[in-house]
Every structure is written in C-alpha cells, then in structure tokens.
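Engineer: Pasting the sequence and the predicted model now:
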Amino acid sequence: MAALSLFGSFALSSPAEASKSSANSTIVESDLEEECKQQGDLPARQQGWARNRFEQCHRYTRVINLYHSQTLEYRGKIEFVFEILAFASYSGRRVDFVLSLEDVGISSQLNHELGYITVNMDGCKGVPNVTCTGETYRTDAIAAWYARPVFDPVIATSTDGSGASPYATVNLDALTTIMVEYRDGITLPYSELTATTRARFDSAGPEIGSAPQHGTVFRDYTPVLELDRRAGSDHRQEAIHVDDAQNNPSRTFPSFVGKSPPGAVGARPLHRLMGSRSDMNRLEARKVCVDVWGPNYATGGLQCDEYPFAVTYEGAAMSTAGIYCGNSSDPVNADWRKWHGSARPIDGAHNGRGGILLSAFFRTNRVLDCDEFHVNVIR
C-alpha cells in the first residue's frame, strides 16, 4: 500500500504451517486456513466461521485510523490481518488455538517504534474446570509483530468428568480483544472485542454410544444430517418422507392448515432428545399411521416412520404436550392431530437404514440432549 511503510519483503509462514512445526501442538495438517480465506465476510463476524463441529476460524482485516486525542485531527493509520484457527478434539476435552497477526503496516509519516498492537484472549483463563496454556496475551511494537506474526500455541483443556450433569459439560467462551496504540501521549487508542470462540467440553460416556467418551465441539456450528432421495439410495423412502414433510406438508398426515414441520436448513432447527421419552413420541406418531392407513398399516414389511424424528423434542408427543429443552417432564395430553410433523408407512429396511444414519450422525458430531441440528435432503 503506497501510504504505508512495511518492514521487509520476505515470505512469512502461514499460521497453519507454524502450528505444524510446534512441538507443543497436536494440530494435524489442515487446509482450514485456505478455506477460511474463501468464506467472504463470514470469518470476520465475532463468532467467526466454523467448517464443522471441530474446526473454526476467525479472520479480520483491519485498517485503524488514528486521531489526536484533543483536536481529533487525523494522524495516520495502522493495518493488519488477525487470524485465529481453532481445533476441537473429537476424542478429548481440548481445544488448540493458533493465533497470528500478519501483514502489519503503519503510515509512513508515523514512527513505527511508537506503534503498538496488543492481543488478549480473555475468558480463556479463570474458567472453572478449564486450564489454558500458551501465549494468550501479547503486546508488541509494529516491527516485532512483523518479525514474529504467529503466537506460541494456546491450548485449553478440561478435566475428564468435570462440569455440569448429566454429561459433565463445561462451556468455554474465549474472548479476544485487540488494542491499537500510537504511544506518543496525544493519540487516541483503539480497542475492540474481535472474536468469541465458544466451545463445549463433555464427558457423555456411554450415553453417546460408540463415540469417544470425552470430547469437545464448537457451539456456534449447527450440524446438518443429509439424506439421499435419489434413485438407488438405500434409505430413499425415508428421504422422500422427510422431503415431503419439509417442502410439501399438504402431502402428509396429520393434515391441517398452517402445518409447518421444522428442521430444514434455514428453518427452525430440531433438538435431540436423549433418553426413554423418545418411545412416547413413537407411540403418538403411530396413531397417525393407524388413523390414516388402518391397524394393518405394517403389512408387507412396512414400518411407521415419523418426522420430526422420535429422538427429537419436536416429536409427536413432546411437541404437542409443550415439552421443550430443559423440561424433564413426561408429555401429558399429547395430541398427534396438532403435530407439526408427519407419519407414514415406509419400507422397513429404508426406515432402519435411516435410523442407522441418524445414530451415526449423532455420534460423529457429538450431538447431546437439546443440541440443535438440521436435515437436508439430497435430490
């Protein structure tokens, strides 16, 4: 940039490359940084951009205008690109952060020795049941940032089994602030809360099935279950049913004006229901199959399939009885006729395969009780 004086022209390693070379980091090789750069303005939001439940990035390009503290006269500017790559462990209670501040520059009329940038990952340390190590705070002059843009790795861990019941969960909100100063005694400093990285540690144990008993996810990513309705799919009837419920509810039962089943991408999410109350959802949904197709609806190997799934709070019994996340009561006065959902007989093998896919989806994304998710049908 013509108006800025930069220090040197040598190539700097990327944050991802720097993290791989660190003996203290367990981050595997990842193309997260490159994909993050392709996401437009999404990584620049305070919550950043998450590729999945286990990889998240923040990327901010800043040009900070500096002003005289008394006259508000423009004095010059400092610019930089700040990035956080964050990796949650699927099989342990750990988050690895790689922070970098690159492409640092200062207006040529300013003295680079007086330009300072401070980065503070506050909210990481001092959280009960969480330990943070590494370079969570750094303040340096412009030249020092240019010479060493990548921080020492930051690692947040949580003790197995600690936290809130029933799944020993601990939430971490890692808040990162940046302050820009021109330390001449007359220039206003600039400060902003740049990034919030929200993670959850859990020790769900056997409740999460064959998944690792302890793990970590990023809370700002809502996972999406994909079902395939194309010819040859081994769960095609399941996928067609979900597609009809989401996009053509007039083709589904129960039938009433204004029915709007949730769960599609961009619509209201579904919420996982763990425990035996899912059986009550199944029983209520079967009343639809009996009412519409008769008591022999299962003839020929059919099964009564329901959407939203029985293992969600949006199922037939829970939702019509007003039982939502955080309410441990059994549904009373449930009424399938008012259900914003659908039940119909489909091929038993397709129904079974759909259930297997759903269970695997919950395991691989560490979806616990009340966690949100969406369902997308591939056509």
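Structural biologist: Alright, I've got the coordinates.
Engineer: Would you mind measuring from the residue nearest to P223 when sequence neighbours are not counted to P153?
Structural biologist: Once flanking residues are discounted, P223 sits nearest to N365: 4.3 Å by CB to CB, 6 or more residues apart in numbering. From N, CA and C alone the C-beta is placed, and that goes for glycine too. Going from N365 to P153 by CB to CB, to the nearest Å gives 25 Å.
Engineer: Which secondary structure element is home to the residue nearest the centre of the chain?
Structural biologist: Centroid-nearest residue in the chain: Y221, 1.7 Å away (criterion: CA atoms, centre = their mean). Here Y221, judged by DSSP states H and E, is contained in no helix and no strand.
Engineer: Please identify the buried residues of stretch 157-177?
Structural biologist: 157-158, 163, 167-170, 172, 174-176 (16 or more other CB atoms under 10 Å).
Engineer: Reformat the residues you listed as TSV; add secondary structure, pLDDT and distance to G232.
Structural biologist: Formatted as TSV, the buried residues of stretch 157-177 follow (DSSP: H, G, I helix; E, B strand; the rest coil; pLDDT from 0 to 100; distance: CB to CB, whole Å):
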residue	secondary structure	pLDDT	distance to G232
T157	strand	97	45
S158	strand	97	44
G163	coil	97	44
Y167	coil	97	38
A168	coil	98	42
T169	strand	98	40
V170	strand	97	44
L172	strand	96	43
A174	strand	95	45
L175	strand	95	49
T176	strand	97	47
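Engineer: so which of those residues would you say is closest to Q303?
Structural biologist: Minimum distance to Q303 across these is 30.3 Å, recorded for Y167 (CB to CB).
Engineer: excluding its backbone neighbours, what's nearest the closest one?
Structural biologist: A204 (4.4 Å).
Engineer: cool, M121 as well?
Structural biologist: M121's closest residue in space is T136 (CB to CB, 6+ apart), at 4.2 Å.
Engineer: do E192 as well
Structural biologist: I178 (6.1 Å).
Engineer: Provide a list of residues in contact with that neighbour.
Structural biologist: Neighbour list for I178: 62, 82, 117-120, 191-192, 194 [criterion: CB atoms under 8 Å, 6 or more residues apart in numbering].
Engineer: Make JSON lines from the residues you listed and add neighbour count to it.
Structural biologist: Output for the contacts of I178, formatted as JSON lines (neighbours: other CB atoms under 10 Å):
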{"residue": "R62", "neighbour count": "18"}
{"residue": "F82", "neighbour count": "23"}
{"residue": "I117", "neighbour count": "23"}
{"residue": "T118", "neighbour count": "15"}
{"residue": "V119", "neighbour count": "24"}
{"residue": "N120", "neighbour count": "17"}
{"residue": "S191", "neighbour count": "13"}
{"residue": "E192", "neighbour count": "14"}
{"residue": "T194", "neighbour count": "20"}
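Engineer: how about those residues, which pair is most distant?
Structural biologist: Counting by CB to CB, the most remote pair of the contacts of I178 is R62 and N120, 15.5 Å apart.
Engineer: before we move on, back to that, look up how far E372 lies from the residue nearest to the centre of the chain.
Structural biologist: For Y221, the distance to E372 - CB to CB - is 10 Å.
Engineer: Verify the contact between G215 and G92 for me.
Structural biologist: Yes. Using CB atoms under 8 Å, G215 is in contact with G92, at 6.6 Å.
Engineer: Looking at the two, which is more packed in?
Structural biologist: G215 (22 against 17; other CB atoms under 10 Å).
Engineer: mind checking pLDDT for the more buried one?
Structural biologist: With respect to pLDDT, G215 has a value of 98.
Engineer: hey, what's it bridged with?
Structural biologist: Beta bridges link G215 to D202, judged by DSSP bridges.
Engineer: shouldn't the residue nearest to the centre of the chain be in contact with C57?
Structural biologist: No. At 11.5 Å, Y221 does not count as touching C57 under the criterion of CB under 8 Å.
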